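Undergrad: Quick one: sequence plus predicted model below, questions after.
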Amino acid sequence: MKVDLREVQLPEHTGRGQITGADGRAYSRRGTRATPSVADELIGSGAGLVLDMYSTGQFEWFSENEARVRWADVRPHVISGRPTTKQLGKHEMWNAGVWQADDGTTLVYLTGHC
């Protein structure tokens with residue numbers, strides 16, 4: 001399932017640095033950036049995937065099979081640091097993070113650079 005998250009954000013979540021997932025849960029950033037291998041494990045076990053490309057307005061949630069398919073598309077472009085001009089000249093680049101709801105449900109949150 002693919003959902004445009006701009007349409008489901010609740011003010012009580014965004015005001016506290018959280019996002020509202022397509023499942024209605026409030027998710028908070030759990031830590032620092034995640035490696036692609038950590039994201040592989042989470043997506044493989046059913047975690048949701050969020051793509052946030054602020055400059056283009058993209059703020060999308062993918063779940064289940066769509067999350068795995070979309071992850072396979074973007075994974076080669078996930079990096080742990082800031083993208084270089086050379087990288088950005090070839091493709092949009094992503095940084096991964098792990099966000100978590102109070103009940104322990106996790107998602108992989110990708111912040112895009114273009």
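TA: Received it, and whenever you're ready, just let me know what you need. Computed from a predicted structure; not experimentally measured.
Undergrad: Doesn't Glu12 belong to a helix?
TA: Yes. Membership of Glu12 in a helix is supported by DSSP: H, G, I helix; E, B strand; the rest coil.
Undergrad: Just list the residues touching it, thanks.
TA: Residues near Glu12 by CB atoms under 8 Å, 6 or more residues apart in numbering: Ala26. No exception for glycine: its C-beta is placed from N, CA and C like everyone else's.
Undergrad: what do you get for Arg82?
TA: Taking CB under 8 Å, 6+ apart as the test, what Arg82 contacts is His113.
Undergrad: Going by residue numbers, what spans are strands in this structure?
TA: 2-4, 19-20, 26-34, 48-53, 58-62, 93-101, 106-113 (DSSP state E).
Undergrad: Can you get me a residue count around Ile19?
TA: 22 (other CB atoms under 10 Å).
Undergrad: circling back to that earlier point, rebuild the strands of the chain as JSON lines, extending it with distance to Asp73.
TA: Formatted as JSON lines, these follow (distance: least, CB to CB, whole Å):
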{"stretch": "strand 2-4", "distance to Asp73": "13"}
{"stretch": "strand 19-20", "distance to Asp73": "21"}
{"stretch": "strand 26-34", "distance to Asp73": "18"}
{"stretch": "strand 48-53", "distance to Asp73": "10"}
{"stretch": "strand 58-62", "distance to Asp73": "10"}
{"stretch": "strand 93-101", "distance to Asp73": "11"}
{"stretch": "strand 106-113", "distance to Asp73": "11"}
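Undergrad: Figure out which of those is closest to Pro76.
TA: When the strands of the chain are compared by CB to CB, strand 93-101 sits nearest Pro76, at 9.8 Å.
Undergrad: Can you dump the C-alpha atoms of that closest one in PDB for me?
TA: Taking only C-alpha atoms (Å, rounded to 0.1, in the frame of the first residue of the first chain), the coordinates of strand 93-101 have been written out as PDB:
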ATOM      1  CA  MET A  93      20.500  10.100  -2.800                       C
ATOM      2  CA  TRP A  94      18.900   9.000   0.500                       C
ATOM      3  CA  ASN A  95      19.900   8.700   4.100                       C
ATOM      4  CA  ALA A  96      18.100   6.000   6.200                       C
ATOM      5  CA  GLY A  97      16.900   6.300   9.800                       C
ATOM      6  CA  VAL A  98      14.800   4.100  12.000                       C
ATOM      7  CA  TRP A  99      11.700   5.600  13.500                       C
ATOM      8  CA  GLN A 100       9.500   3.900  16.200                       C
ATOM      9  CA  ALA A 101       6.000   4.100  17.600                       C
END
